[in-house]
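Colleague: Here's a sequence, model it:
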Amino acid sequence: GYHSFMRALPAIQRARPEAVTLIVGGDEVSYGAKAPAGTTWKQRFLDEVQDRLDMSRVFFLGKIPYPEFVTLLQVSACHVYLTYPFVLSWSCIEAMSAGALVVGSDTAPVREVIEHGRNGLLVDFFDTDALAGTVAQALADPARYSALRAAARETATHGYDLHKVCLPKQLALLRVVAGGRAEEFKAATAGSAGNAGNEDNEDNEDNEDNAGNAGNEDDAGNASGETTATRISAGD
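Modeller: Numbers count the residues shown, from 1 in each chain. Purely as a prediction, here's the structure:
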């Protein structure tokens, strides 16, 4: 999703001239094809739009320690999470548990956890105009989306809390595998759903590779691995 985000960024900057964009992650390729020799996906898509950007308001932070990553999620006015159909990234659940307003792609894995207008906002993966407009609106009136932020955290903590949901379900599954007790597994996992993330944003690992933006796993076709951490900060 890094390429889609970068193509939307000039319009976001025009609409919100004080917005600051923070992009977290490395240049490595975690999924998909490598960039052409001598370049990276990060640089390739930056070059495409750089002449239309105010680079004094765009910061590529590289890889940062996990506690700083969580803090960044907590202060962001908007967290952009774009991904092709793929396994949902832990960073999406992490952003929701931090109370971030997630603007995600309207793709199958994201729809598993985000319902448009209830606990986040969804846009077409390839519609850069819609992405820019949605992000600009989020930055223009943050208070309007406070209920979505609260609902996002509720979704994460109710369905994906490590200690209350995920770990008990994994232990129950191990017991089933060890003893063949399928009914015990059904009883232990009834009424809850989920398997990643946690309420207190702990017991995780450092932010995933992602040269890019918007929190998520498949990137530009797929280049820089996860685009999970791009966000517009709360400085608008």
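
Colleague: Quickly note the distance from the residue sitting furthest away from the middle of the chain to Leu173.
Modeller: Most distant residue from the mean C-alpha position of the chain: Gly179, 37.5 Å away (Cα atoms, centre = their mean). When distance is defined by Cβ to Cβ, to the nearest Å, Gly179 is 11 Å away from Leu173. For every residue, glycine as well, the C-beta is placed using N, CA and C.

Colleague: residue boundaries of the strands in the protein?
Modeller: 21-24, 58-62, 76-81, 102-105, 121-123, 231-233 (DSSP state E).

Colleague: Mind listing residues that contact the fifth one?
Modeller: Read that as strand 121-123. With contact meaning Cβ atoms under 8 Å, 6 or more residues apart in numbering, strand 121-123 is reached by 101-106, 110-111, 114, 116, 130-131, 134, 138, 145, 148.

Colleague: if you set the cut-off to 7 Å instead, what comes out?
Modeller: Val103, Gly104, Ser105, Asp106, Val110, Ile114, His116, Ala130, Leu131, Thr134 (Cβ atoms under 7 Å, 6 or more residues apart in numbering).

Colleague: and the last one, what does it touch?
Modeller: Under the criterion of Cβ under 7 Å, 6+ apart, the contact partners of Thr134 comprise Val103, Leu121, Val123.

Colleague: And the pLDDT at Ala220?
Modeller: Predicted confidence (pLDDT) at Ala220: the value is 33.

Colleague: repeat for Asn216
Modeller: pLDDT, Asn216: 34.

Colleague: Run through this structure and note the low-pLDDT ranges.
Modeller: For the chain, the stretches with pLDDT under 70 are 180-186, 188-189, 191-236.
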